[in-house]
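Colleague: Just a sequence and a predicted model for now, questions to come.
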Amino acid sequence: MTPSVIVIYGASSSGKTCLAKAIQEELLPSVWLSFSLDSIF
């Protein structure tokens with residue numbers, strides 16, 4: 001299996017988290033790691 005990275009970039013409150021959750025729930029066959037840079041800084 002080839003590792004993959006999906007990067008979602010956008011302004012604050014633009015729906016990045018909702019998009020990441022929708023991609024994970026609907027399109028990906030297994031659970032992926034999702035994190036926000038806002039939660040790191």
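Modeller: Yep, it's here.
Colleague: Could you list the low-confidence segments of this structure?
Modeller: Residues of the chain that meet the criterion pLDDT under 70 lie in 1, 31, 38-41.
Colleague: got the residue ranges for the helices in it?
Modeller: Counting by DSSP state H, the chain has helices at residues 16-26.
Colleague: what about the strands in it?
Modeller: Along the chain, counting by DSSP state E, no stretch forms strands.
Colleague: In space, not sequence, find me the middle residue of it.
Modeller: When C-alpha atoms, centre = their mean is applied to the chain, the residue found nearest the centroid is residue 20 (3.4 Å).
Colleague: I'd say that one and residue 34 touch.
Modeller: Yes - here residue 20 reaches residue 34: they are 5.1 Å apart, a contact under C-beta atoms under 8 Å. C-beta coordinates here come from the backbone N, C-alpha and C atoms, glycine included.
Colleague: need the contact list for residue 26.
Modeller: Listed by C-beta atoms under 8 Å, 6 or more residues apart in numbering, residue 26 has no contact partners.
Colleague: Relative to residue 18, how far out is it?
Modeller: 12 Å (C-beta to C-beta, to the nearest Å).
Colleague: Please apply the same query to residue 4.
Modeller: Taking C-beta to C-beta, one finds residue 4 at 20 Å from residue 18.
Colleague: Look at these two and report which has more neighbours.
Modeller: Between residue 4 and residue 18, counted using other C-beta atoms under 10 Å, the more crowded position is residue 18 (10 against 7).
Colleague: residues contacting that one?
Modeller: By C-beta under 8 Å, 6+ apart, residue 18 lies in contact with nothing.
Colleague: how much space is there between it and residue 5?
Modeller: Using C-beta to C-beta, residue 18 is found at 19 Å from residue 5.
Colleague: For the spatially closest residue to residue 10 that is not a sequence neighbour, give me its contacts.
Modeller: Of all residues not flanking residue 10 in the chain, residue 16 sits nearest, at 5.1 Å (C-beta to C-beta, 6 or more residues apart in numbering). Residues counted as contacts of residue 16 (C-beta under 8 Å, 6+ apart) are 8, 9, 10, 36.
Colleague: Thanks a lot, see you next time.
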